[in-house]
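> just a sequence and a predicted model for now, questions to come.
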Amino acid sequence: MMRLPPFRYHAPDTAGEVAHVLANEGPEAMIVAGGTDLYPNMKRRHQMPSTLVSLRRVTDLAGIEWGSDGGVRIGAGQTLRALERDPGVEGALPALWTAVHQISTPVLRNMGTIGGNICLDTRCNYYNQNYEWRRAINFCMKCEGDVCWVAPSSPRCWAVNSSDTVPVLIALGARVTLVSDRGVRELPIAELFVDDGIEYLAKQKDEVLTSIEIPAQGEARSVYRKVRRRGAFDFPVAAVAVRLAFDGDRVESADIVLNAVGSTPVVCTDAAERLVGEVVTEDLAAEVAQVAWKPAKPLDNTDLTHMWRKKMVRVNVKRALLELAPGT
């Protein structure tokens, strides 16, 4: 049986109190929401915080608030299961609903939160193993070692971002709010991520992610497509989120975001711009998929071969575009 290491535990009642504890405890303190990722990591000794600061009692971090214009504010502590059951999310934000619905299993969605999924630790075949296995290879750069076994000559870690909700939220133009003892700051969610397998978040260690705001989508259509070995439970090995707004049959604006093919989500600006002003046809979808395929750089750090995963990016971008085209 794998056991948790010893740690101090705080359960504040407000986000401000959480931020205050983090400021006082220093960088060895970590936030825990649902714990569906952090606790297993602690058992495998990937992460060993001296202090855990729980969000379970912070009621103001939960909730889904719809604005009169159709925009929505989601508390970072809202459970994935609550989002999955919300008819407004399923009706107005189908891509987000699909992403949430495909995360893990119902049991874990009952505990996991959207904030936790956004801040999900990066993953790698050489990192997500038990302690003894990792010790046998002298660990890796992400935890206790000094070599990235995916690319041994590389000076950086290539662990992969595997969040399901993140590419969708970027495509939908979401913004996040971060709170610390130093104040409050808001930023586009795309700016929350850094292309590094270890320091993958721009969020500071003393900051708390408190909410996500998604602007009204109007008549825009969105879709999320996830590639994984099994039809349930697995993390994505390639993921595509697409949002298209139309003026008649022609694309007025477009967003294409990839994930699970790098340490950070990949925003395919060139591919999206190619769609603007055009009617989505099979030939155009194939052309745009080829453009989106180029910046995807999967490595041998997760399930299935990296070359096949890259091919699946092209396949799923094309399928997503055709699915969103008017008349389909």
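Ah, there it is.
> going forward, measure contacts and count neighbours with C-alpha atoms only.
Will do.
> run through the residues that contact the nearest residue to C119 once chain neighbours are set aside.
Spatial nearest neighbour of C119, excluding adjacent residues (C-alpha to C-alpha, 6 or more residues apart in numbering): L201 at 7.4 Å. Shown in contact with L201 (C-alpha atoms under 8 Å, 6 or more residues apart in numbering): 119, 192-194.
> can you give me the strands for this structure?
For the chain, the strands defined by DSSP state E cover 8-10, 29-32, 51-54, 64-66, 72-75, 175-180, 183-188, 208-214, 221-227, 238-247, 250-259, 266-267.
> output stretch 170-180 as CSV, nothing but the C-alphas.
Only the C-alpha atoms of stretch 170-180 are listed here, as CSV (Å, rounded to 0.1, in the frame of the first residue of the first chain):
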residue,chain,number,x,y,z
ILE,A,170,-8.5,29.1,-24.4
ALA,A,171,-10.6,28.7,-27.5
LEU,A,172,-13.6,30.2,-25.8
GLY,A,173,-11.5,33.3,-24.7
ALA,A,174,-11.7,32.6,-21.0
ARG,A,175,-10.0,34.7,-18.3
VAL,A,176,-8.9,33.6,-14.9
THR,A,177,-8.6,35.5,-11.5
LEU,A,178,-5.7,34.9,-9.2
VAL,A,179,-5.7,36.0,-5.6
SER,A,180,-2.7,36.4,-3.2
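> residues in contact with it: which ones?
Contacting residues not belonging to stretch 170-180 are listed as 15-16, 19-20, 23, 184-190, 203, 206-215, 217, 241-243, 255-257 [C-alpha under 8 Å, 6+ apart].
> just the buried members of these?
15-16, 19-20, 23, 189-190, 203, 206-215, 217, 241-243, 255-257 (16 or more other C-alpha atoms under 10 Å).
> D206 and E28 touch, don't they?
No - applying C-alpha atoms under 8 Å, one finds D206 not in contact with E28, separated by 10.2 Å.
> hang on, the earlier thing: can you put the strands of the chain in CSV and add mean pLDDT?
Output for these, formatted as CSV (pLDDT from 0 to 100):
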stretch, mean pLDDT
strand 8-10, 96
strand 29-32, 96
strand 51-54, 97
strand 64-66, 96
strand 72-75, 98
strand 175-180, 98
strand 183-188, 97
strand 208-214, 98
strand 221-227, 98
strand 238-247, 98
strand 250-259, 98
strand 266-267, 98
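> tabulate the ones you listed (a markdown table), appending distance to V168.
Output for the strands of the chain, formatted as a markdown table (distance: least, C-alpha to C-alpha, whole Å):
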| stretch | distance to V168 |
| --- | --- |
| strand 8-10 | 32 |
| strand 29-32 | 23 |
| strand 51-54 | 26 |
| strand 64-66 | 17 |
| strand 72-75 | 14 |
| strand 175-180 | 12 |
| strand 183-188 | 13 |
| strand 208-214 | 11 |
| strand 221-227 | 7 |
| strand 238-247 | 5 |
| strand 250-259 | 7 |
| strand 266-267 | 11 |
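> how is the chain divided into domains?
Split into domains by automatic domain parsing, the chain comes to 59-119+160-214, 221-324.
> starting at the chain centroid, how far to the shortest one?
Same thing as domain 221-324. 15 Å (C-alpha atoms, centre = their mean, to the nearest Å).
> now do it: distance from first to last residue.
Using C-alpha to C-alpha, to the nearest Å, the end-to-end distance of domain 221-324 comes to 6 Å.
> repeat for stretch 130-142
Length of stretch 130-142, first residue to last, C-alpha to C-alpha: 14 Å.
> likewise stretch 108-116?
End to end - C-alpha to C-alpha - stretch 108-116 spans 12 Å.
> same question, stretch 57-69
30 Å.
> coming back round to it: out of the domains of the chain, which comes closest to P40?
For P40, the closest of these is domain 59-119+160-214, at 12.3 Å, according to C-alpha to C-alpha.
> now the end-to-end length of that closest one.
OK, domain 59-119+160-214 end separation, C-alpha to C-alpha: 20 Å.
> then stretch 227-242?
Stretch 227-242: ends 15 Å apart by C-alpha to C-alpha.
> G115 touches G77, doesn't it?
Yes - between G115 and G77 there is a contact under C-alpha under 8 Å: 6.0 Å.
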